[in-house]
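1. Sequence and predicted structure, then a few things I'm wondering about:
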Amino acid sequence: MGMTRKQQRIYQKAFRLLRDATPLRTDCGVLCGRRCCKGDDETGMLLFPEEPTVLRVVETGGRRLAVCGGVCNRNERPLSCRIFPFFPFVKADGGVDVRIDPRGKGVCPLVRQSQDVLFSHRFLHRVRRVGQQLCRDGECRACLWRIQQEIAQQQAFEAHFSAK
Ligand code: SF4
Ligand code: SF4
């Protein structure tokens, strides 16, 4: 179908909001050696519906993934990279709740130690605003719902097996 004008405006705003906001007030990549960028030519970041990117795109299982090989221009990062390691969860009342994304725990030390980390309020606020922007579009909102359901399923699955 292609990107609508509304989606174009949403992505422009979302990219701008997260252009220079980072999870910590200092560069967390220095602490971990930029572990979340250690993908290879086969590893991809999920793109939101019709999200524009200059990176190579592969389609798999009905999803578009941006593949970077571990290098990109910071101003051209996909939204998934900009919000990591958080995710804007959509609440039943339509509001947005920004929480740590448990899918990152195998990669990101901030996820594993999130209880002890002082995250940047500015970053959390910006991720919330990005979530609110995405919710303005039906396709993007459905995408957020789908991802958060997958996260919930994964957590239930892990809780089930860790309880055994
Ligand atoms: S893995 Fe986590 S701590 Fe490391 S650069 Fe990525 S977001 Fe920062
Ligand atoms: S697109 Fe950029 S920010 Fe995202 S994983 Fe690749 S190198 Fe890192």
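-> Perfect, I can see it now. Ligands and ions are numbered 1, 2, ... in the order given.
2. which ones are touching Asn75?
-> By CB atoms under 8 Å, 6 or more residues apart in numbering, the contact set of Asn75 is Arg19. Backbone N, C-alpha and C define where each C-beta goes, glycine included.
3. so how far is ligand 2 from the residue nearest the centre of the chain?
-> Nearest to the geometric centre of the chain sits Ser80, at 3.1 Å (CA atoms, centre = their mean). Here the criterion is CB to the nearest ligand atom, to the nearest Å. By it, Ser80 lies 7 Å from ligand 2.
4. Report the contact partners of that residue.
-> 45-48, 66.
5. Tell me the buried residues within these.
-> 45, 47-48, 66 (16 or more other CB atoms under 10 Å).
6. Check the average confidence over whichever strand or helix holds the residue nearest to the centre of the chain, would you?
-> Counting by DSSP states H and E, the element that carries Ser80 is helix 79-83. Averaged across helix 79-83, the pLDDT comes to 97.
7. now check it, is it near ligand 1?
-> No - using CB under 6 Å from any ligand atom, helix 79-83 stays clear of ligand 1, with a minimum separation of 8.7 Å.
8. moving C-terminal of that helix, what's the next helix or strand?
-> That would be, after helix 79-83 and using DSSP H and E, strand 86-90.
9. contacts for that next one?
-> So strand 86-90 is contacted by 23, 96-101, 123-124, 127-128, 130-132, 134-135, 141, 144-145, 147-148, 151 (CB under 8 Å, 6+ apart).
10. next one: that strand to chain centre, how far?
-> Mean-position distance between strand 86-90 and its chain equals 8 Å (CA atoms, centre = their mean, to the nearest Å).
11. just how off-centre is the next helix or strand after it within its chain?
-> Downstream of strand 86-90, the first helix or strand assigned by DSSP H and E is strand 96-100. When C-alpha coordinates are averaged (CA atoms, centre = their mean), strand 96-100 and its chain have centres 11 Å apart.
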